[in-house]
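Q: Got a predicted structure plus its sequence, pasted below:
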Amino acid sequence: MYPSEATPAYGTFVKAQVDALGERGVPIEVFQFHGAGRALNYLRAIGQLRRAVRDFRADVVYAFYGLTGWVAIWQPAPVVLSLAGDDVLGTPDGEGGITLKSGLGVLASQWAARCAAVVCVQSEEMRGKLWGARLRARTLVVPYGVDPTRFHPDDQLAARRRLNLPADERLVIFPNTPTEPRKRLDLAQAAMAIVERDVPNAVLRVVSGVAHTDMPDYYRAADCCLLTSDWEGSPNVVKEALLSGVPVVTTEVGDVRRWIPLSPESTICDRTPEALAREIRRVLLGRRRVNPKPFIAGFSSRVVTEQMLQVFRAALGEKAAR
């Protein structure tokens, strides 16, 4: 999970964490491999990572995502494992369970978590899904940070001009991958069909595959950010929107219950088109902006970086104790 020219939005939260640690003076070597859903790629990566750890003389391996963590546990440096969401929760199969493939991924993630020196998750829901009371007790809830120097309020009309968007529309953005079933674009579209009856200039725009450098303008241009997912870890789009001053209408997923109550303009809805439409309409007609100050202390990249430095020290202490 790391951005590239072909996939500029992929793993941007990982790069943001890497950049923030680098700015803090932490020497970092990024080891990236492409699993592509093939077991052989993960097996090959074990030897490659062992060599990278040896050559860089790494003190700690900071692994993002459960399958990456499984690769990381086969080298000697202590592992700080950051679990993201579906690596613990699985991928819904549409019948009340999870897919077989994601179930195998969950198994590998649980294995890696038991072997890691420190485990970080994005929400209490995720911590509750870890196997074993001892593992849950030593797991930390540390959400991914967002850079407030990039995501902050600014002139809405100027942002729309830069993006060539009409000035008069009531803009709802859906900043997610539309083809991913758990993101529930169908639910967002059903809600907006109701909204459009009362707010004719309401428009839903799917924002996907754009460079992360352009994302701040999409938030600033919007009147509302909509999240309709069936589940999430700690949705970065919610945190980015709130720091950008944009009200959020969301289903109850991940850790949104931790942040949304700090924004009177935002709301958590039942997972129905009618409930979502009611709150979207309220936000669009009110056209109020969010005060980002309460969120800077909660999940700004600087705050999270300081937390992670403490986590790395704890991992080194765990190694010394052994």
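A: Right, received. Where do you want to start? Numbering: from 1, shown residues only.
Q: residue boundaries of the helices in the stretch 1-150 of the chain?
A: Counting by DSSP state H, counting those that start in this stretch, the stretch 1-150 of the chain has helices at residues 12-23, 39-56, 66-72, 86-89, 100-115, 124-129, 133-137.
Q: Pull out the buried residues from the fourth one.
A: Counting neighbours by 16 or more other C-beta atoms under 10 Å, one finds that the buried residues in helix 86-89 are D86, D87, V88, L89. Heads up, the C-betas are built off the backbone N, CA and C, glycines and all.
Q: can you pull the contacts of the first one?
A: With contact taken as C-beta atoms under 8 Å, 6 or more residues apart in numbering, D86 is in contact with S102, G105, R182, W231, G233.
Q: any idea which of these is closest to R54?
A: G105 (27.6 Å; C-beta to C-beta).
Q: Would you enumerate the residues in contact with the closest one?
A: G66, L67, D86, D87, G90.
Q: Among those residues, list the two that are farthest apart in space.
A: For the contacts of G105, and using C-beta to C-beta, no pair is farther apart than L67 and G90, which are 12.9 Å apart.
Q: pLDDT score for S300?
A: S300 is assigned 85 on the pLDDT scale.
Q: And the one 3 residues further on, by the same measure?
A: V303 carries a pLDDT score of 87 in this model.
Q: Spell out which residues sit in contact with it, please.
A: Going by C-beta under 8 Å, 6+ apart, the list of residues near V303 reads G145, I296, A297.
Q: name the element the last one belongs to?
A: Right, the one you point to is A297. Per DSSP states H and E, A297 falls inside helix 293-299.
Q: buried sites along that helix?
A: Neighbour counts over helix 293-299 (16+ other C-beta under 10 Å) mark F295, G298, F299 as buried.
Q: Just the closest of these to G35, please.
A: For the buried residues of helix 293-299, the nearest to G35 is F299 (27.5 Å; C-beta to C-beta).
Q: What's the separation between that closest one and L309?
A: 16 Å (C-beta to C-beta, to the nearest Å).
Q: Ok, D223 next?
A: Counting by C-beta to C-beta, the gap from D223 to L309 is 38 Å.
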